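> Give me the fold of what follows.
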Amino acid sequence: MDLQRLLRGTVEWDRLEAVARDLAGRYGDGTARVEFLDADNWLSTPFILHTGGEIYFVKVVSRQNSVVHALFTAGRNVGAFASGTEGFFEHFGTPAEMARHELEATREMRAIGINAPEPVEALEIDGLGVLVVEYLPAFRPLDELDADAERELAPELFRALRRLHDNGLAHGDLRAENVLILAGDLYFIDATSVRKPGALDAREYDLACGLAALEPLIGAGDAVEAALSAYPPADVLAAREYLDFVAIRPDHDFDGPGLKGEIEKRATANGE
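Got it, this is the predicted structure:
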């Protein structure tokens, strides 16, 4: 068993069955078909629910997931302190609270014009947090496109991120897997919790995550140019200070020194 499966744990089948049965009664005729996903997700068990002629995306959050989220939150805040700023990540104490927060974060993104799945409901079933949102058919994660398409979409990613930040929000967990492409449109998913008092630091952290996600896909130079198309050079230079922090995450793998060098070269030149 790999580390991710060990940490995430396994929700017993009878409990997952109870969730599917409950949701099928709420949204359909009581019958359901479930498709489980082999998703790179540390904090929930996702599945697709077919019921009543509709399709929903469901995330089931267990107590074990909540414990892992607390560990991740503590580690991220330690990293923030190490970067010289106040910790700005927040943990929610129960699985149901985690599900409700993600539902609200999704609503807030949609309210300001960011593409995100339509939120349906967050609830607690048998001690599990359950998030239900619109299922996006035929989507592809950003990192599964060809390099030319990724390069073309990179400025749009940073424009969407800038809109989020300009409205006092932050994503907190920006990775290529959390950027979905559907019919040429870019969607954000899996927004995490960031305390508002650290909004400026969260903005710089988000920007660093965006650069780290794009560097392996389109190269450091194009990633930085895409960021500069939406952010002033001072912001991009400030994000550089968070790259070491981002690099310790197990879900980011990028050339940190190369990216820092491109930021220094291109952001400084654009700032003149």
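
> pLDDT at the nearest residue to residue 253 once chain neighbours are set aside, what is it?
The spatially closest residue to residue 253, leaving aside those adjacent along the chain, is residue 216, at 6.5 Å (CB to CB, 6 or more residues apart in numbering). Placement of C-beta: from N, CA and C, glycine included. At residue 216 the predicted local distance difference test score is 96.

> Residue 216 belongs to a strand, doesn't it?
No - under the criterion used here (DSSP: H, G, I helix; E, B strand; the rest coil), residue 216 is helix, not part of a strand.

> and it, how many residues sit next to it?
17 (other CB atoms under 10 Å).

> can you give me the helices for this protein?
With DSSP state H as the criterion, the chain has helices at 3-8, 13-27, 63-82, 95-111, 147-166, 199-218, 220-228, 233-240, 243-247, 256-271.

> coming back round to it: next, the contact list for the residue nearest to residue 253, please.
Applying CB atoms under 8 Å, 6 or more residues apart in numbering, we find residue 216 in contact with 253, 254, 255.

> Are any of the residues you listed buried, and if so which?
In the contacts of residue 216, burial by neighbour count holds for 254, 255, counting by 16 or more other CB atoms under 10 Å.

> So which of the contacts of residue 216 is the closest to residue 159?
Looking at the contacts of residue 216 and their distance to residue 159, the nearest is residue 254, at 21.2 Å (CB to CB).

> Phi, psi for the closest one please.
Backbone torsions for residue 254, taken as degrees, to the nearest 10, come to phi -150, psi 170.

> Quick check: it vs residue 141, distance?
Counting by CB to CB, to the nearest Å, the gap between residue 254 and residue 141 amounts to 16 Å.

> What separation do you get for residue 128 and residue 101?
For residue 128, the distance to residue 101 equals 15 Å [CB to CB].

> Please identify which of those two sits among more neighbours.
Higher neighbour count among residue 128 and residue 101: residue 128, with 22 against 19, using other CB under 10 Å.

> Who does the more buried one form a beta bridge with?
Beta-bridge pairing for residue 128 (DSSP bridges): residue 125.

> so what's it up against?
11, 15, 19, 60, 61, 62, 95, 96.

> how does it look with 10 Å?
Neighbouring residues of residue 128 by CB atoms under 10 Å, 6 or more residues apart in numbering: 11, 15-16, 18-19, 44-45, 60-63, 65, 95-96, 99.

> Do you know the pLDDT at residue 261?
Residue 261 is assigned 95 on the pLDDT scale.

> about what we covered before: now restrict the contacts of residue 128 to buried residues only.
The buried subset of those - by 16+ other CB under 10 Å - is 11, 15-16, 19, 44-45, 60-62, 65, 95-96, 99.

> Which members of these define the maximum pairwise distance?
Between all members of the buried ones among the contacts of residue 128, the longest pairwise span (CB to CB) is found for 16 and 96 and amounts to 16.1 Å.

> circling back to that earlier point, format the helices of the chain as a markdown table; extra columns: distance to residue 184.
Written out in a markdown table, the entries for the helices of the chain read as follows (distance: least, CB to CB, whole Å):
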| stretch | distance to residue 184 |
| --- | --- |
| helix 3-8 | 31 |
| helix 13-27 | 29 |
| helix 63-82 | 33 |
| helix 95-111 | 18 |
| helix 147-166 | 9 |
| helix 199-218 | 17 |
| helix 220-228 | 17 |
| helix 233-240 | 26 |
| helix 243-247 | 28 |
| helix 256-271 | 27 |
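
> Before I go, just wanted to say thanks for your time.
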